[in-house]
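J.: Have a look; sequence and predicted model below, questions after that.
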Amino acid sequence: MALAVRQQMVVDQNHAIHLTSSELKPGSKVEVIVLVENEMRQAKEKSVSFLDGVQKLSIDAPPDFSVTFEKNLYRHGN
């Protein structure tokens with residue numbers, strides 16, 4: 001199982017971050033993923049919820065479509 005180390009840090013003036021953790025053993029191979037907090041917030045603010053998106057949909061169907069759906073489906077198959 002992989003070990004996960006999560007820390008919040010600030011990028012320094014040299015555009016670098018320095019991660020120090022006693023859980024990291026010298027010589028270990030690691031994979032680093034950096035998530036920039038501000039960009040994540042902006043993406044969330046711009047995203048539209050599923051329900052908001054569905055409200056904007058327009059479906060071309062008869063008013064009783066939900067009642068006659070199966071009848072119409074199988075009638076067109078013959």
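T.: Nice, thanks for sending it over.
J.: what's the pLDDT at residue 44?
T.: As predicted, residue 44 sits at a pLDDT of 66.
J.: next one: the longest helix anywhere in the chain to chain centre, how far?
T.: Scanning the chain for the longest helix, with DSSP state H as the assignment, gives helix 65-77. Chain-centre distance of helix 65-77: 36 Å, with Cα atoms, centre = their mean, to the nearest Å.
J.: With just CA atoms, put that helix into CSV.
T.: Output of helix 65-77 as CSV, limited to C-alpha atoms (Å, rounded to 0.1, in the frame of the first residue of the first chain):
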residue,chain,number,x,y,z
PHE,A,65,-44.2,11.1,-23.9
SER,A,66,-43.5,9.7,-20.4
VAL,A,67,-46.7,7.7,-20.5
THR,A,68,-46.5,6.5,-24.1
PHE,A,69,-42.7,6.0,-24.3
GLU,A,70,-42.7,2.2,-24.6
LYS,A,71,-45.6,2.1,-27.0
ASN,A,72,-43.8,4.6,-29.3
LEU,A,73,-40.5,2.7,-28.9
TYR,A,74,-41.9,-0.6,-30.0
ARG,A,75,-44.2,0.7,-32.6
HIS,A,76,-41.3,2.2,-34.5
GLY,A,77,-39.4,-1.1,-34.3
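J.: Many thanks, have a good one.
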